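Enquirer: Give me the fold of what follows.
(2 chains)
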There are 2 protein chains.
Amino acid sequence: MSISRRTMFGLGAAGAAAVGAGAIAARSLLEEPTAAHAASTSDPFPFYGEHQAGIVTPAQDRLHFVAFDVTTSRRDELLELLQEWTAAAARLTQGKEAGAFGAVGGPAEGAPDDTGEALGLPASGLTLTIGFGASLFDDRFGLAAKLPAALAPLPKFPGERLIPEISGGDICVQACAHDPQVAVHAIRNLARIGFGRVSVRWSQLGFGRTSSTSRAQVTPRNLMGFKDGTNNMKLEDAALVREQLWASAADGAAWMAGGSYLVTRKIRMTIETWDRTSLREQEDIFGRDKGEGAPVGKAREFDPVDLAAMKPDAHVRLAHPSQHGDAHLLRRGYNFVDGSDGLGRLDAGLFFIAYQRDPRKQFVPVQMSLARTDPLNEYIKHVSSGLFACPPGVRDAGDFWGRELFA
Amino acid sequence: MSISRRTMFGLGAAGAAAVGAGAIAARSLLEEPTAAHAASTSDPFPFYGEHQAGIVTPAQDRLHFVAFDVTTSRRDELLELLQEWTAAAARLTQGKEAGAFGAVGGPAEGAPDDTGEALGLPASGLTLTIGFGASLFDDRFGLAAKLPAALAPLPKFPGERLIPEISGGDICVQACAHDPQVAVHAIRNLARIGFGRVSVRWSQLGFGRTSSTSRAQVTPRNLMGFKDGTNNMKLEDAALVREQLWASAADGAAWMAGGSYLVTRKIRMTIETWDRTSLREQEDIFGRDKGEGAPVGKAREFDPVDLAAMKPDAHVRLAHPSQHGDAHLLRRGYNFVDGSDGLGRLDAGLFFIAYQRDPRKQFVPVQMSLARTDPLNEYIKHVSSGLFACPPGVRDAGDFWGRELFA
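Expert: Numbers count the residues shown, from 1 in each chain, chains lettered A, B, ... in the order given. A predicted model of the protein is given here:
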């Protein structure tokens, strides 16, 4: 008998209705941004919608991010893979197994079409978000004419030390969930499905989301111990989301209408040095106090920032939208610890993730300013970089990731 | 003002009493093994007790394990560090900051004595468990005469490919918690406190505990998709725990009475190959069915194993206590994914952790049998190894980790 994760948790058609408030709250995120969360961290978010989930979705607590290189040179094989992946993602995000025959439901002589480690686990808020890197638009698949201008290579930023092996990639998938086993299971099954057509270029696990994407969330802390993302663009900022998050056909690439551009940066922190810095210096560098997260001269975290009150090179001031023509980002990064670095230190930092309508007007000017003058640079180093065009949402079961791109 | 994690969650003296059932359940674990868990995954486990917490404690869901090399050659400095670490561990496990002045409570001109990223987070079931490797008993600290016979080097096992840089270590600390940010925060602060006296040799993050250590827990699944640890030694097995888990003075090293020996093995899985194996072969290799976890010929997970019914080289049969003079292990390992391996695959597997009274009679014969004939070896490779003597528990605020060893 096939053990369906759906069956085990009563999340079939009838069960989903019974979830009530939680399911409604989750669904409404795609229809109209609200502050509502899923009722529990076990619930699913809807997969189908105008935009991909995993962008304005209230940031879940765990991440498994993967970048693939496409190894087939056949357009039809790539197209087929995107359809298979979409079908699997539609199932996985709802707490089902990757394929109809599951880890134990298929013929004993065949390899299971799910790897099994998430049997018995609920949907856990899993979202899967796909993006296409500029390298996919070379001459292999006939996509050169579809390359969006906004995928222009990022400039070289002062001080970055990018490692090519963990940068770039033809296709990325961001898996966010409240349970790392569920996020890992999803990426692992997409990799399994892609065997012979894609190979894993790099992957990154993260924990402790370092930004809120909804006003209903508490602002979390990064590994420098500071609240991160207080003034992040949030799903409730309807006008800002419309203007600065979602691409439109008028931007040039019609297939990206309703999509968004994703920048990833793996930022290694030399936390050992940071930890020996005085509290005053730490707070001066950020421009906020460490306990409450209040901007300089203010009492509470969400008090308006008074840029004139802080040092000219305070991080908050350098990154502030007012310094960059009102450019905002929707950040949803994660803390990471990747063991140790062989030099007696933890290999730790922030896996930065930011969505935006056009990196040339948003991430690039902000990061250029930070890279040039932010005193925080003494404690951080950018070691990987990614830039991906994340297409609009999958509308229904007849649609698939990248349909508009290959149309 | 100092923000105390205790204050924020109302877990002060009065608050702790109010937690009621949860606190009592947690406390009773050290007094008499029961099936009771803490009432929530936010609650603390007691730090003081006859045995260290983190061994029979119901396995938490996340791990940060670290091995340190001692860099000072002065015995008094090492002794001082162990006292400082114990004081910090007693605080951290109760959801407090690492030191009295905390991340924001100290003088602005000094470096904070907590790194701050766990401000606002509850205790999350954090346990910190220390162990001493054989290398600590060389001529640096005058401990040679205290080396327990049970710390004899593990033999070379067929097929292992150990990487020295991520094996061994003078001192290990296992941090388990329900929130990875809390586990990481604890290890990071111990490393910070140890600056100039120890350096991080290697560290490992894990998720999705792969064994239960209490009958009240659901058996989790490893990354091969199978339930793992069904017949693990559990805290309710009072006689077995007494006979096969805790060392006694009669074993030779009096300072280890009430302690336990820890073996770690990082086991890399070639999951891509495993995922293309038929369900029948997978189940034959394990000797259990994948869905329910029932042994061959039986219907339910906890039905008694019938060794005669399964293949001679089934994993369950090879590892079964009846094949090794009734040798049991208390396993509490974790799944890991460390990014990708540069060859297009996820770097994933099992970080095996097992506690026992004497590895020479428990881990070694079991693993030798598995290493020689287990067909699972086609899909796994041991890449790191650790062996540590974990001393008894810290009795009270006047006691410290390793007091008996240095006495």
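Enquirer: For the stretch 301-407 of chain A, which segments count as helices?
Expert: Using DSSP state H, counting those that start in this stretch, the helices of the stretch 301-407 of chain A run over A:315-319, A:363-373, A:403-406.
Enquirer: hmm, the first one touching chain B?
Expert: No. With CB under 8 Å from any CB of the partner chain as the criterion, chain B is not reached by helix A:315-319; the gap is at least 15.5 Å. Glycine gets a C-beta too; all of them are placed from N, C-alpha and C.
Enquirer: ok, residues contacting that helix?
Expert: With CB atoms under 8 Å, 6 or more residues apart in numbering or on different chains as the test, helix A:315-319 has contacts from A:285-288, A:295, A:305, A:307, A:310-311, A:323, A:366, A:369-370, A:373-376.
Enquirer: List only buried entries from these.
Expert: A:285-288, A:295, A:305, A:307, A:310, A:366, A:369-370, A:374, A:376 (16 or more other CB atoms under 10 Å in any protein chain shown).
Enquirer: and residue A:273, that one's in a strand?
Expert: No. Residue A:273 is assigned helix when assessed by DSSP: H, G, I helix; E, B strand; the rest coil, not a strand.
Enquirer: show me what contacts the closest residue to it other than its chain neighbours?
Expert: Leaving aside its chain neighbours, residue A:273 sits nearest to residue A:379 (5.9 Å; criterion: CB to CB, 6 or more residues apart in numbering or on different chains). The neighbours of residue A:379, taking CB under 8 Å, 6+ apart as the test, are A:224, A:269, A:270, A:271, A:273, A:274, A:277.
Enquirer: would a markdown table of those with neighbour count and distance to residue A:318 be doable?
Expert: Formatted as a markdown table, the contacts of residue A:379 follow (neighbours: other CB atoms under 10 Å in any protein chain shown; distance: CB to CB, whole Å):
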| residue | neighbour count | distance to residue A:318 |
| --- | --- | --- |
| A:224 | 25 | 16 |
| A:269 | 23 | 18 |
| A:270 | 16 | 20 |
| A:271 | 24 | 21 |
| A:273 | 11 | 20 |
| A:274 | 21 | 18 |
| A:277 | 17 | 18 |
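Enquirer: Distance to residue A:128 and pLDDT added to those, as JSON lines?
Expert: Shown next, in JSON lines, are these (distance: CB to CB, whole Å; pLDDT from 0 to 100):
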{"residue": "A:224", "distance to residue A:128": "30", "pLDDT": "97"}
{"residue": "A:269", "distance to residue A:128": "28", "pLDDT": "97"}
{"residue": "A:270", "distance to residue A:128": "33", "pLDDT": "94"}
{"residue": "A:271", "distance to residue A:128": "31", "pLDDT": "93"}
{"residue": "A:273", "distance to residue A:128": "37", "pLDDT": "93"}
{"residue": "A:274", "distance to residue A:128": "34", "pLDDT": "96"}
{"residue": "A:277", "distance to residue A:128": "39", "pLDDT": "95"}
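Enquirer: farthest-separated two in the residues you listed?
Expert: Farthest apart among the contacts of residue A:379 by CB to CB are A:269 and A:277. That separation is 11.9 Å.
Enquirer: Where does the stretch 51-200 of chain A get nearest to chain B, which residue?
Expert: Relative to chain B, the nearest point of the stretch 51-200 of chain A is residue A:116 (2.3 Å; CB to the nearest CB).
Enquirer: which phi and psi does that residue have?
Expert: With angles defined as degrees, to the nearest 10, residue A:116 sits at phi 100, psi -20.
Enquirer: could you list every residue that touches it?
Expert: Counting by CB under 8 Å, 6+ apart, residue A:116 touches A:103, A:104, B:221, B:224, B:225, B:226, B:290.
Enquirer: Then residue A:229?
Expert: Residues counted as contacts of residue A:229 (CB under 8 Å, 6+ apart) are A:210, A:211, A:212, A:219, A:220, A:331.
Enquirer: Ends of stretch A:186-206, what's the gap?
Expert: Across stretch A:186-206, the terminal residues are separated by 15 Å (CA to CA, to the nearest Å).
Enquirer: Assign the residue lying farthest from the centre of chain A to helix, strand or coil.
Expert: In chain A, counting by CA atoms, centre = their mean, residue A:109 sits farthest out from the average C-alpha position, at 37.7 Å. Recorded secondary structure, residue A:109: coil (three-state DSSP).
Enquirer: per-residue confidence for the closest residue to it other than its chain neighbours?
Expert: Once flanking residues are discounted, residue A:109 sits nearest to residue B:278: 5.2 Å by CB to CB, 6+ apart. Here the pLDDT value assigned to residue B:278 is 96.
Enquirer: Quick check: the residue of the stretch 151-300 of chain A nearest chain B.
Expert: residue A:225 (2.4 Å).
Enquirer: In contact with that residue, which residues?
Expert: Counting by CB under 8 Å, 6+ apart, residue A:225 touches A:282, A:290, B:103, B:112, B:114, B:115, B:116, B:117, B:119.
Enquirer: Now do the closest residue to it other than its chain neighbours against residue B:94, distance only.
Expert: In this structure, residue A:225 finds its nearest non-sequential neighbour in residue B:116, 2.4 Å apart by CB to CB, 6+ apart. Using CB to CB, to the nearest Å, we find residue B:116 at a distance of 17 Å from residue B:94.
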